[in-house]
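**Q** sequence below, structure please.
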Amino acid sequence: MLTTTLTTALAALLLPFSSASPIAVRQDNTTTTTPPTNQTSCGATSFGNFSWALSAFDYHASYIYTNPAHQNSWGYVNFNLTNPAIGPSVTTVCSASSNQLNDFFYGTVQYTCINTPAGVKSDVGKTKFDFNRPTGELRFNQSWTCRDGDPKYPTTFTGYAAVKLHLNCTEARWQNRSWKQGQIYSTRDVRCSPVNLSVDPKEMTAMA
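**A** Numbers count the residues shown, from 1 in each chain. Down below sits the predicted model:
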């Protein structure tokens, strides 16, 4: 009898490590969505020409004056992220609100995003972001895990990004000319057109 021995070789690619925040730990009850066979593998995509798809970035603000000297004003940021290594089955939704006058967001507070669909575990880990309205800079970091190599030793990636957004915004103002105590004195609404773009990582780490 002729016995054929098949030998499988596994090539390990490593990105340069750098000092970065600890990589998120995947929970034991996390399940993995297997990508279609015609797609590039999670690991190959992560090590390759990787970029996030950022969609529907929205900044808007509402300034409400109850009298000439008092206002109740808020700013809002919303956007979605899709990780090409994981695929479109998981969307990361990022939202924040602030009443820190006058531009609300100054890049000093970090917000945590959520993964959707709600209740579905995936290999996308934590995503956090901050936004600086005066400069237009959006920064975020995200971790994700690839299991298409040795299943005993999955690779966890963490990517860091910073992008300057050029927002196209309009303002609408209204003032109550016959204002009386207890009425709204004036309003100012800021609305910006949604932004969609690809975002390359500024830095990436990998840990197996």
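
**Q** list the buried residues for stretch 85-102?
**A** 85-87, 90-92, 94, 96, 98 (16 or more other CB atoms under 10 Å). In this view, the C-beta of every residue, glycine as well, is placed from N, C-alpha and C.

**Q** hmm, which two among those are most spread apart?
**A** Farthest pair in the buried residues of stretch 85-102 (CB to CB) is Gly87 and Ser98. Separation: 32.1 Å.

**Q** re the thing from before, between the buried residues of stretch 85-102, which sits nearest Thr156?
**A** For the buried residues of stretch 85-102, the closest approach to Thr156 (CB to CB) belongs to Ala85, at 11.4 Å.

**Q** how close does the closest one get to Asp123?
**A** Distance check for Ala85 against Asp123: by CB to CB, to the nearest Å, it reads 9 Å.

**Q** then Asn176?
**A** Counting by CB to CB - Asn176 and Asp123 are separated by 53 Å.

**Q** before we move on, back to that, among the buried residues of stretch 85-102, which lie within strands?
**A** Those of the buried residues of stretch 85-102 mapping onto strands are 91-92, 94, 96, 98, per DSSP state E.

**Q** okay, the residues you listed in a markdown table with distance to Ala206 next?
**A** Putting these into a markdown table (distance: CB to CB, whole Å) gives the following:
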| residue | distance to Ala206 |
| --- | --- |
| Thr91 | 23 |
| Thr92 | 19 |
| Cys94 | 23 |
| Ala96 | 29 |
| Ser98 | 34 |
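
**Q** nearest to Ser193, of the residues you listed?
**A** Cys94 (17.9 Å).

**Q** and that closest one, what is it in contact with?
**A** Cys94 makes contacts with 77-81, 111, 113, 127, 129, 140, as judged by CB atoms under 8 Å, 6 or more residues apart in numbering.

**Q** ok, Phe79 touching Ala53?
**A** No - the pair Phe79 / Ala53 is not scored as a contact, 10.6 Å apart, by CB atoms under 8 Å.

**Q** quick one: which of those two has more around it?
**A** Phe79 (24 against 15; other CB atoms under 10 Å).
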